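In: this one's structure only:
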């Protein structure tokens, strides 16, 4: 099963576009887990057990595991093997390098860790993404308009024709989608809902990975209604800290489940309302 089919199946089965970010920072784990042999995995396992019927994907960010050295890498590997096989895994690695290096990054992310999708920087051009997109059953999410406050320092720069850089990147994703067998999607932050609408116009069927709700304060309704594809399914709306760290007590998994239900139901109410029709501004 390819990424698109796997995502669509999970969205339909769980009636959800929620992607939970497994940003399991060691210092923030509940105290009763810290004496365990593998506290990151124990934490992740409990979160997965509590939410696997509520999500369309999980997104572990490699930084929180790499920082713990070999033990963290082992925790990440165990976590990815534990996630049920019908749920897509987006490995948030933000890779992007020359072609021979990217080929090895792709092997690590897909063949060793078993990711279904990987986040990438596309600013070095086609040869940096090609090795990932040669995996026909996998996907990449290329950074287009990110959710951080300083995103516009580069992403909003205009070319000689007045077209902003993030829109040029969306244009390239459309080209890569036609040129290579793998699925090519976009990372677009919920903190910029009007930009989401513009990018959806360029990429009408591409999957969008959307960070920026929860703790970053994006507008959930405008985000969902500006980003939906025609099937109201091609979005993965990420929430990390707002769900997994909702409680620091022994009830952390139960509280995470309740937050995930609330988040899922909120997003579904906007999906049911349909796409926005008057929020776009000219590019």
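Out: Nice, thanks for sending it over. Being a predicted model, the structure only gives us computed values, none of them experimental.
In: which strands and helices sit next to whichever helix or strand residue 154 is part of?
Out: Taking DSSP states H and E as the criterion, residue 154 maps to helix 152-155. Applying 3 or more Cβ pairs under 8 Å, 6 or more residues apart in numbering; DSSP states H and E, we find helix 152-155 packed against helix 165-179. Yep, even glycine has a C-beta here, placed from its N, CA and C like the rest.
In: so for the helix it packs on, mean pLDDT?
Out: The average pLDDT within helix 165-179 is 97.
In: could I get the buried residue list for that helix?
Out: 165-170, 172-174, 176-177 (16 or more other Cβ atoms under 10 Å).
In: who touches it?
Out: 122-123, 126, 129, 133, 142-145, 154-159, 183-186, 195, 198-199, 202-203, 206, 283 (Cβ atoms under 8 Å, 6 or more residues apart in numbering).
In: do the same with stretch 107-120
Out: By Cβ under 8 Å, 6+ apart, stretch 107-120 touches 3, 6, 57, 76-77, 80-81, 88-96, 105-106, 128-129, 132, 135, 138-143, 183, 185, 187, 209.
In: tell me the buried residues in that stretch?
Out: So for stretch 107-120, counting by 16+ other Cβ under 10 Å, buried means 108-110, 113, 115-120.
In: so what's the nearest residue to residue 195 once chain neighbours are set aside up against?
Out: Leaving out its chain neighbours, the residue that sits closest to residue 195 by Cβ to Cβ, 6 or more residues apart in numbering is residue 145, at 4.7 Å. For residue 145, the contacting residues are 151, 155, 166, 187-189, 192, 195-196, 199, by Cβ under 8 Å, 6+ apart.
In: and those residues, which is closest to residue 10?
Out: residue 187 (18.9 Å; Cβ to Cβ).
In: the helix or strand containing the closest one: how far from the chain's middle?
Out: Per DSSP H and E, residue 187 falls inside strand 183-188. On the basis of Cα atoms, centre = their mean, to the nearest Å, strand 183-188 sits 9 Å off its chain's mean C-alpha point.
In: the helix or strand just after that strand packs against which elements?
Out: Where DSSP H and E defines the elements, the next helix or strand beyond strand 183-188 is helix 193-202. In terms of contacts (3+ Cβ pairs under 8 Å, 6+ apart), helix 193-202 is packed against strand 139-145, helix 165-179, strand 183-188, strand 208-210, helix 220-227.
In: export the ones you listed to JSON lines and tack on distance to residue 100?
Out: JSON lines is the format used below for the helices and strands packed on helix 193-202 (distance: least, Cβ to Cβ, whole Å):
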{"stretch": "strand 139-145", "distance to residue 100": "17"}
{"stretch": "helix 165-179", "distance to residue 100": "19"}
{"stretch": "strand 183-188", "distance to residue 100": "21"}
{"stretch": "strand 208-210", "distance to residue 100": "26"}
{"stretch": "helix 220-227", "distance to residue 100": "35"}
